[in-house]
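Visitor: Take this sequence and fold it.
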Amino acid sequence: MADELGTAIRAAEQNRCAAMLRNDAAALEALLDPRLSFSHATGQVDDKPAYTTKMAAGRITYLSITWSDEQVIELKPGVALMTGRMTSNVTVEGAPKQLDNRVLTVWVLTGAEWRLAAFQPTPLKA
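Guide: Below is the predicted model of the structure:
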């Protein structure tokens, strides 16, 4: 069961990353829980409408995303935590940035689909 959960959560995260790289607002919309709390490495926090609006407008453009050291933990049925290291190359408001973070994500099962409910990065020192 734990292996199945890990596979499902990693697949959902891969789909989310692929949607961000394509700047596919419709695919991203389907992968995000309506209660989303998306914290940025700057400390700014967006809800789902604010985050998807930024993505759709091209204010945040993801050029590459790499995960490592992922661990998935079931908190209770239908709720899972994924942690790991995420490195990204992004453009924010036209300025290129390279991000290297430890990340905590919370996933909730809605029907048959896992959706991201929370994203919290912690920047690593260079």
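Visitor: Excluding its own residues, what touches the helix or strand harbouring residue 98? List them.
Guide: Using DSSP states H and E, residue 98 maps to strand 95-110. Strand 95-110 has contacts (C-beta atoms under 8 Å, 6 or more residues apart in numbering) with 9, 12-13, 33, 41, 75, 77-91, 114-124, 126. Using the backbone N, CA and C atoms, a C-beta is placed for each residue, glycine as well.
Visitor: Can you show me the helices along this structure?
Guide: 2-22, 25-31, 48-56 (DSSP state H).
Visitor: okay, the ones you listed in TSV with distance to residue 107, mean pLDDT and mean neighbour count next?
Guide: Below are these laid out as TSV (distance: least, C-beta to C-beta, whole Å; pLDDT from 0 to 100; neighbours: other C-beta atoms under 10 Å):
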stretch	distance to residue 107	mean pLDDT	mean neighbour count
helix 2-22	5	94	16
helix 25-31	10	92	15
helix 48-56	14	91	16
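Visitor: Distance to residue 97 for these - can I get that in JSON lines?
Guide: Listed next are the helices of the chain as JSON lines, based on distance: least, C-beta to C-beta, whole Å:
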{"stretch": "helix 2-22", "distance to residue 97": "14"}
{"stretch": "helix 25-31", "distance to residue 97": "19"}
{"stretch": "helix 48-56", "distance to residue 97": "14"}
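Visitor: who wins for proximity to residue 67 among those?
Guide: Ranking the helices of the chain by proximity to residue 67 (C-beta to C-beta) places helix 2-22 first, at 7.0 Å.
Visitor: Could you check how far the closest one is from the centre of its chain?
Guide: The chain centre lies 9 Å from the centre of helix 2-22; the measure is C-alpha atoms, centre = their mean, to the nearest Å.
Visitor: Let's see it as CSV, backbone CA atoms only.
Guide: Provided in CSV are the C-alpha atoms of helix 2-22 (Å, rounded to 0.1, in the frame of the first residue of the first chain):
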residue,chain,number,x,y,z
ALA,A,2,2.8,2.5,0.9
ASP,A,3,4.5,1.8,-2.5
GLU,A,4,1.2,2.5,-4.3
LEU,A,5,0.7,5.7,-2.4
GLY,A,6,4.3,6.9,-3.1
THR,A,7,3.8,6.1,-6.8
ALA,A,8,0.5,7.9,-7.0
ILE,A,9,1.8,11.1,-5.2
ARG,A,10,5.1,11.2,-7.3
ALA,A,11,3.0,10.8,-10.5
ALA,A,12,0.7,13.7,-9.4
GLU,A,13,3.8,15.8,-8.6
GLN,A,14,5.3,14.9,-12.0
ASN,A,15,2.1,15.9,-13.7
ARG,A,16,2.1,19.2,-11.8
CYS,A,17,5.7,20.0,-12.7
ALA,A,18,4.9,19.1,-16.4
ALA,A,19,1.9,21.5,-16.4
MET,A,20,4.1,24.3,-14.9
LEU,A,21,6.8,23.7,-17.5
ARG,A,22,4.2,23.9,-20.3
